[in-house]
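Sharing a model prediction with you, sequence too.
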Amino acid sequence: MTERILSRLMEADTVSGQSLSEELGVTRAAVWKQIDKLRECGFEIESLGRQGYRLIACPDSLMAPVVRRGLHTAWAGCEIVYRRSVDSTNRLARELAAQGAPHGTFVLADEQTAGRGRRGRQWISPAGEGLFMTLILRPQVHPSQVARISLQTALATAWAIRNTCGLDARIKWPNDIVCQGRKIVGMLLEMNADEQCVHDVVAGVGVNVHQRAFEGDLAQTASSLDLLTGKENSRAEVARAFLQAFEQTDALTPDALMHAYRECSATLGQRVRVSGNGESFVGLAVAVTDSGSLIVRDDAGNEREVLAADVSVRGLMGYA
């Protein structure tokens, strides 16, 4: 009910309490309670006596009507599910997918209490400081072709940050976005499939937006959009830009996608250390394959294929 009232307030100059109560089938007192909840969330709403209510200003909110305003996509964000707090947007997205949520359903949260990154790592998700989002996808492809979605997600995220914040966002293989050598985004994709068919993929993205400080090891490697731009950025604007950019990547041919991905890479052409599976070696990152693996030429001149599930890759001259 709260989001329906917010949608009406965003659609018109003023909305009467009587019309809201009739539309929603509730009392005017119930409408007033929902208006009060919106005010508690930071929405500035003016009461105009018999005229009703007027929305004066919106906070940096991820509620569905705010994200939907100005969104121009064909399918990405066709349904938007918002939670103030959730254990994990990916877990909720998997649950919704199992219940039949359509291709393009978009899950957002202000806070994650059990956010996850790659290889089981925790993703710190403080309330109101980050953008935590998951896109539900139902690609009509063989499981062997799902790597494209990982490349699309990384590219769409980098493009969204470039377009909204003006930062030179780049992809650190396989699933981070970095700016000025600092990590600002982590991604986690999870697939539900059998041997022949992909049932659904949930593409989770966590963006550091309003954080002003980081603790422990993160202080040496992480940053946020606000720190890098010196201003407060809109999480809803970044979310909209991500959905729009994802649809753009979906329209690319395989060759065009790989070209765009490589152009946006922070890893290619860099000296890196590859660690995992009981070994470690140093080499030059020379290519990303169509299947999403990294090709590293070691110091003996051998080109070695590196799979994301198996190793950690770090640049020798910094995080990227």
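Happy to help now that I have it.

all contacts plus neighbour counts: C-alpha atoms, from now on.
Fine.

quick one: contacts for Pro174?
Contacts for Pro174 (CA atoms under 8 Å, 6 or more residues apart in numbering) come out as Gly292, Ala308.

got it, and Ala98?
Ala98 touches nothing, counting by CA under 8 Å, 6+ apart.

let's see 10 Å
For Ala98, the contact set (CA atoms under 10 Å, 6 or more residues apart in numbering) comprises Leu92, Asn192, His199, Asp200.

Tell me, how many residues neighbour the last one?
In other words, Asp200. By the criterion of other CA atoms under 10 Å, Asp200 has 22 neighbours.

Can you tell me how far the closest residue to it other than its chain neighbours is from Gly128?
Ranked by CA to CA, 6 or more residues apart in numbering and with sequence neighbours excluded, the top spatial neighbour of Asp200 is Arg138, at 4.5 Å. Look at Arg138 and Gly128: by CA to CA, to the nearest Å, they are 29 Å apart.

mind listing the helices for the stretch 101-250 of the chain?
Secondary structure of the stretch 101-250 of the chain (DSSP state H, counting those that start in this stretch): helices at 147-165, 218-221, 225-229, 235-250.

How about the longest one, which residues are buried there?
The one in question is helix 147-165. Buried residues in helix 147-165, defined by neighbour count with 16 or more other CA atoms under 10 Å: 148-165.

lowest-pLDDT helix or strand in this structure?
strand 312-315 (a mean of 63; mean pLDDT, DSSP states H and E).

Tell me, please, where in the stretch 101-250 of the chain the pLDDT is lower than the cut-off.
Confidence mapping of the stretch 101-250 of the chain against pLDDT under 70 gives the ranges 116-125.

what about the strands in it?
Counting by DSSP state E, counting those that start in this stretch, the stretch 101-250 of the chain has strands at residues 106-112, 130-137, 170-172, 176-179, 182-193, 198-208.

Next, format those as CSV and append distance to Leu71.
CSV is the format used below for the strands of the stretch 101-250 of the chain (distance: least, CA to CA, whole Å):
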stretch, distance to Leu71
strand 106-112, 12
strand 130-137, 15
strand 170-172, 24
strand 176-179, 23
strand 182-193, 22
strand 198-208, 18
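
of those strands, which approaches Asp298 most closely?
With CA to CA, the closest approach to Asp298 among those belongs to strand 170-172: 18.7 Å.

residues of that closest one that come out buried?
Arg170, Ile171, Lys172.

Same list (these) but as CSV, adding distance to Gly301.
Shown next, in CSV, are the buried residues of strand 170-172 (distance: CA to CA, whole Å):
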residue, distance to Gly301
Arg170, 27
Ile171, 25
Lys172, 23
